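*Asks:* below are the sequence and a predicted model; questions follow.
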Amino acid sequence: MFDATDIVIPICNEAGTVEALLSRLRAACPEARLIFVDNASTDGTLERLRRFADVVVIRHEQNLGYGRSIRDGMRAASRRYVIVIDADLEYQPEDLPAMVAALVTAPAVHGSRFLGGGAGAHLGVVRRFGNAAVTRLFNALFRQHLTDLYTGVRAFERSAVPLARLRYDGFEFVLELSARLAQAGVRIAEVPVRYQPRTTGRSKMRHVREFVKFAWYLMALRLSG
């Protein structure tokens, strides 16, 4: 299974978690190829990554954005399946086998914090409300049935991803990717994943401001479909 899988990890200033993440990914996903896209880290993350000869490292010399990091990682992928996971260990590498298994019946899979054990309860009120509102708007516009649009872990059949249509460089890339998949007729499935809020570093998102922007982007994506 994982010998046909590339795992793309966008990363920026995560020196405190990168080695633990790498160890857990190797254990949970043996034979997967790990592609780290370093978005101009300044805390030693890149130096830590370069100690390991068995990972692919793509370096951005300046901050090009979360979406650009994922896009560049996907371009470097060559295997049948592609997983994207955040680097801060809020999402558990041990949940990835279930996501890849779900690709047997769906070409795109989101890890949902709101299915199964209810890991989404760890989110603050503002984040829960914003994610729920954006997810409901997305479902209405793109005829999907998601519970967690803004998850930090996703899996795909690489051939299903319309990479040439993807343009956004920031966090809005997550919306664009899901919208373009839906517009291509792809059903996005979900599996429950565990979630543990980060205890080191800082989140890269500013949630209230992002919510307003994301609602506008979803409308623009629907009209451009």
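*Replies:* Received it, and whenever you're ready, just let me know what you need. Numbering: from 1, shown residues only.

*Asks:* what pairs with the strand or helix carrying residue 84, parallel or antiparallel?
*Replies:* Following DSSP states H and E, one finds residue 84 within strand 81-85. Next to strand 81-85 in the sheet, as set by DSSP bridges, lie strand 5-11 (parallel), strand 153-157 (antiparallel).

*Asks:* next, the buried residues of the helix or strand just after it.
*Replies:* Read in the C-terminal direction, the helix or strand following strand 81-85 is helix 96-102, with elements assigned using DSSP H and E. If you call a residue buried by 16 or more other Cβ atoms under 10 Å, then helix 96-102 has these buried ones: 96, 99-100, 102. C-betas here are computed from N, CA, C, even on glycine.

*Asks:* the helix or strand bottoming out on mean pLDDT in the chain - contacts with which helices or strands?
*Replies:* None of the helices or strands of the chain scores lower by mean pLDDT, DSSP states H and E than helix 207-223, at a mean of 79. Contact here means 3 or more Cβ pairs under 8 Å, 6 or more residues apart in numbering; DSSP states H and E; on that basis helix 207-223 packs against helix 125-142, helix 173-183.

*Asks:* so of those, which one's packed in deepest?
*Replies:* Burial among these, expressed as mean neighbours by mean count of other Cβ atoms under 10 Å, is greatest for helix 173-183, which shows a mean of 22.

*Asks:* any idea of the angle that helix forms with helix 207-223?
*Replies:* Relative orientation of helix 173-183 with respect to helix 207-223: 30 degrees, computed using axes from the mean of the first three to the mean of the last three Cα atoms, to 10 degrees.
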